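1. Let me see the structure of the following:
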Amino acid sequence: MNDAPHYDVIVIGTGAGGGTLAHRLAPSGKRILILERGGFLPRERDNWDSTAVFVKGKYRAPEFWLDKHGREFPPEVNYYVGGNTKFYGAALFRLRPEDFGELRHHDGMSPAWPVRYEDLEPYYTQAEHLYRVHGRHGEDPSEGPASAQYAHPPVEHEPRIQQLSDDLEKQGLHPFHLPIGVDLVQDAAGRATPSSVCIRCNRVDGFPCLVRGKSDAQVVCVEPALRHPGVELVTGAHVLRLETDPTGRTVSSVVARLDGGEEARFSADIVVVACGAVNSAVLLLASANDRHPRGLANSSDVVGRFYMRHNNLALMAVSKEPNDTQFQKTLALHDWYLGADDFDYPLGGIQMLGKSDAEQIHGEAPRWAGAVTPNMPFEVMAHHSVDFWLCGEDLPLPDNRVTLDGDGRVHLALDENHNTAGLDRLRHKLQSMLGHLGMHEHHLLDHSLYLHKGMPIGATAHQAGTVRFGTDPASSALDVHCKAHDLDNLYVVDTSFFPSIGAVNPSLTAIANALRVGDHLLERLG
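-> Below you'll find the predicted structure:
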């Protein structure tokens, strides 16, 4: 395939970063090639089956990485068009303005970004409109200023969650409607209208959407991009390495293994890597050559380092009244995001998770034996469950890192107990309120199916930080436009560029940044 055409831009990866960037570049008339390791996710009933998705992990990549002790673990990664947005919960939050500056935590410092909230704000607005985010700016006291309201009203709470919101307000707190990306049209009662794509079901969180109602990168960005002339997609293209010209300043070839096993070479004026924080680092490290002995873009030795993935807890409370909610992911609480009256450091945020069902609870049964009253069968517990996601900031540590061994196997070293004091406080705050919230006070159960069977290292859904951007080439891999300091035509636009991760889902920031970098590339391409 040496006679393959030369492109203006090659984008490797189709998730929140790569898919969004391709969408921004597509109308330019430039020749754009999108390479995706996976194929299109099959549309089938198992998309919405708890046992298939959570218990059996049907759609997870059949691969194993190694932890710092050399033990294998299955990472929570999916290789499909749309990347991990096919499975995300579509909670699309902005980072807080404070997250862009230095922020002192219990266990250390969260570093400042080389751009400010104000620089990204216009792109946050564009990202919210593009990904059909439903919400209401002004409800969350911790959020930064917004130049425009969400284009879609918030997803209405169902009665049990409305009651929870009211009860939280009675505690003097400020619950707000969770910003979520869904293609939903609601009637006056909050129900999906006959023409709405989203049907307000209980399968939004962790499941791929069978009816295309979730704002994932395939539906929102990749498919519309492909309608433009000059935009091509090759699926089943696992990019193995990037080769440079003799000067080492230019990526000259993208080498991929195709579905049939043969290798193919592609070339472009500009090459953009967007494989996810772990795999983008892996690709750069695997591309080491004489000019770049430690890997591409790695003269600073930061590639693969400063891996972050949030300190998370998925918890299930048991409501005294039945919880008939279907679409539960409508509420969040950030009152302690930056601190509390009894704790001077950030705690993080609380948001609702998708509703537990009996299959998920059966999957947890061995871990919960004896934790719940024996006279409550799992089906009853599922009917009374109220599910919470607690998210605290994970600090960037140089030794939390991705490396490759001589066999090309991925190693992920992680200190799983760093900066967890704020998250512990957050759990205690929630636990202490359960009685006031109409829940059984002692039943706040770890829901590890959402956190990969209780293996924190396997929960890679919020991965970030392995190819950080900055102004100093000695301490960062990318410049403020996410171009590699060491190369003239290499960019990275997934969550790898994050210097810190804040305590909200990283997707919207990746999307907004891809739009920002897209504008820079359009200017560069003329």
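2. which regions of this structure sit below the pLDDT cut-off?
-> Applying pLDDT under 70 to the chain flags residues 1-3, 364-375, 448-455.
3. Surely P293 is in a helix?
-> No - counting by DSSP: H, G, I helix; E, B strand; the rest coil, P293 is not part of a helix but coil.
4. thought L164 was touching Q351?
-> No - using Cβ atoms under 8 Å, L164 makes no contact with Q351, being 11.9 Å away. Using the backbone N, CA and C atoms, a C-beta is placed for each residue, glycine as well.
5. list residues touching both of those two?
-> L331 (Cβ atoms under 8 Å, 6 or more residues apart in numbering).
6. Could I get the buried residue list for the helix or strand containing L412?
-> L412 is part of strand 410-413, with elements assigned from DSSP states H and E. If you call a residue buried by 16 or more other Cβ atoms under 10 Å, then strand 410-413 has these buried ones: 410-413.
7. same deal with stretch 388-404?
-> For stretch 388-404, a neighbour-count test (16+ other Cβ under 10 Å) marks 388-397, 400-404 as buried.
8. follow-up on the earlier one: distance to P473 for the buried residues of strand 410-413 - can I get that in JSON lines?
-> Shown next, in JSON lines, are those (distance: Cβ to Cβ, whole Å):
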{"residue": "V410", "distance to P473": "26"}
{"residue": "H411", "distance to P473": "26"}
{"residue": "L412", "distance to P473": "26"}
{"residue": "A413", "distance to P473": "24"}
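9. Farthest pair within those residues?
-> Greatest spatial distance in the buried residues of strand 410-413: V410 and A413, 11.0 Å, computed using Cβ to Cβ.
10. so what's in contact with these two at the same time?
-> Contact criterion Cβ under 8 Å, 6+ apart; residues shared by V410 and A413: T403.
11. ok, back up a step: show me what whatever helix or strand comes next after the strand holding L412 is in contact with.
-> Per DSSP H and E, strand 410-413 leads on to helix 421-433 as the next helix or strand towards the C-terminus. Applying Cβ under 8 Å, 6+ apart, the contact partners of helix 421-433 are 105-107, 168, 171, 311-313, 315, 317, 336, 340, 342-343, 345-348, 350, 388, 390, 392-393, 441, 444.
12. send the alpha carbons of helix 421-433 over as CSV?
-> Taking C-alpha atoms only, helix 421-433 is exported to CSV below (Å, rounded to 0.1, in the frame of the first residue of the first chain):
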residue,chain,number,x,y,z
ALA,A,421,-9.0,11.7,52.3
GLY,A,422,-11.4,14.1,50.5
LEU,A,423,-13.3,11.2,48.9
ASP,A,424,-13.5,9.5,52.4
ARG,A,425,-15.0,12.8,53.8
LEU,A,426,-17.5,13.0,50.9
ARG,A,427,-18.7,9.4,51.6
HIS,A,428,-19.1,10.3,55.2
LYS,A,429,-21.1,13.4,54.4
LEU,A,430,-23.5,11.3,52.2
GLN,A,431,-23.7,8.5,54.8
SER,A,432,-24.5,10.9,57.6
MET,A,433,-27.4,12.4,55.6
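13. Identify each buried residue in that helix, please.
-> For helix 421-433, a neighbour-count test (16+ other Cβ under 10 Å) marks 421-427, 429-431, 433 as buried.
14. Same question for E359, what's its three-state structure.
-> Taking three-state DSSP, the label given to E359 is helix.
15. any idea what sits nearest it, other than its immediate chain neighbours?
-> S50 (3.8 Å; Cβ to Cβ, 6 or more residues apart in numbering).
16. got the contact list for the one you found?
-> 357, 359-360, 363.
17. Name the member of those residues with the most neighbours.
-> The residue in these with the most neighbours, by other Cβ atoms under 10 Å, is Q360 (24 neighbours).
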